[in-house]
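S.K.: model this:
(one chain, ligands or ions: 1)
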Amino acid sequence: MELFDAIRTRRSVRVYQDKPVSRETLKKILSAAQMAPSWKNTQTAGFIVVESPEMKEKLMEALPSYNARTVSTAPVTVVMTAKKGRAGYERDGSYTTNKGDRWEMFDGGIACQTLCLAAWGEGLGSCIMGIYDEEKLPALLEVPEDQYVTAVVSIGYPAESPNAPKRKALEEKVRYV
Ligand SMILES: Cc1cc2nc3c(=O)[nH]c(=O)nc-3n(C[C@H](O)[C@H](O)[C@H](O)COP(=O)(O)O)c2cc1C
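M.R.: Numbers count the residues shown, from 1 in each chain. Below is the predicted model of the structure:
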């Protein structure tokens with residue numbers, strides 16, 4: 001798929017076909033996400049791949065019902081993490097900019113969108129979910145203390161073709177000087 005077409009046609013998909021995603025395809029899209037740019041190449045984004053039915057059931061208990069529904073049909077869910085204390089920091093532990101540690105989430109977002117676009121390029125739909133139980137989920141997945149969960153991303157072959165939610169007019173958002 002041509003890059004601009006992939007960017008334009010990618011949608012949040014919340015219902016999936018009962019069809020597995022091969023390990024090879026999964027590795028391909030994860031390695032694309034791994035190529036995302038990051039603060040001083042710190043690469044703080046991590047990926048926990050939930051594919052066993054048992055773990056998926058438990059994961060769903062850490063989600064609100066509308067997100068649990070999305071995960072219920074997804075053959076794979078990637079829980080994204082960020083490593084603390086690197087992106088946005090100097091070697092002495094001080095912040096480099098006034099944005100403090102927010103660069104961790106910035107880098108996580110880039111990696112996340114790269115993952116979703118790479119998935120779409122392989123015919124896979126995805127849905128980024130930012131709403132989950134922030135205590136239950138890291139405990140369930142044994143996320144180390146120096147990391148935290150940034151987002152939950154369901155992935156699978158789409159069983160729906162959602163229309164694009166309306167975007168704001170470009171003129172509202174862009175200023176040429
Ligand atoms: C940071 C972030 C958090 C989101 N959280 C959720 C969520 O918890 N549940 C959900 O169904 N969709 C969630 N979405 C998906 C958005 O609703 C969706 O991207 C937006 O409506 C635009 O639709 P599109 O992705 O089809 O272009 C989230 C998206 C982003 C980027």
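
S.K.: and N67, how many neighbours does it have?
M.R.: N67: 21 surrounding residues under other CB atoms under 10 Å. Using the backbone N, CA and C atoms, a C-beta is placed for each residue, glycine as well.

S.K.: What are the neighbouring residues in contact with it?
M.R.: Shown in contact with N67 (CB atoms under 8 Å, 6 or more residues apart in numbering): M129, I131, Y132, V152.

S.K.: Return a ChimeraX selection command for the buried portion of the residues you listed.
M.R.: Applying 16 or more other CB atoms under 10 Å to the contacts of N67, the buried members can be selected in ChimeraX as follows:
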select :129,132,152
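
S.K.: would you turn the contacts of N67 into a markdown table with secondary structure?
M.R.: A markdown table is the format used below for the contacts of N67 (DSSP: H, G, I helix; E, B strand; the rest coil):
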| residue | secondary structure |
| --- | --- |
| M129 | strand |
| I131 | coil |
| Y132 | coil |
| V152 | strand |
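
S.K.: can I get the contacts of N67 in TSV with pLDDT and distance to R8?
M.R.: Converted to TSV, the contacts of N67 look like this (pLDDT from 0 to 100; distance: CB to CB, whole Å):
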residue	pLDDT	distance to R8
M129	99	22
I131	98	26
Y132	98	28
V152	99	25
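
S.K.: what sits against the residue most central in space within the chain?
M.R.: Compute the mean C-alpha point of the chain, and by CA atoms, centre = their mean the closest residue is C112, 3.6 Å away. Listed by CB under 8 Å, 6+ apart, the contact partners of C112 are A33, A45, M80, I128, T150, A151, V153.

S.K.: Where does it sit: helix, strand or coil?
M.R.: helix.

S.K.: Out of the contacts of C112, which are close to the ligand?
M.R.: When contact is defined as CB under 6 Å from any ligand atom, the contacts of C112 meet the ligand at I128.

S.K.: from the contacts of C112, which single one is nearest the ligand?
M.R.: Nearest to the ligand among the contacts of C112: I128, at 4.2 Å, using CB to the nearest ligand atom.
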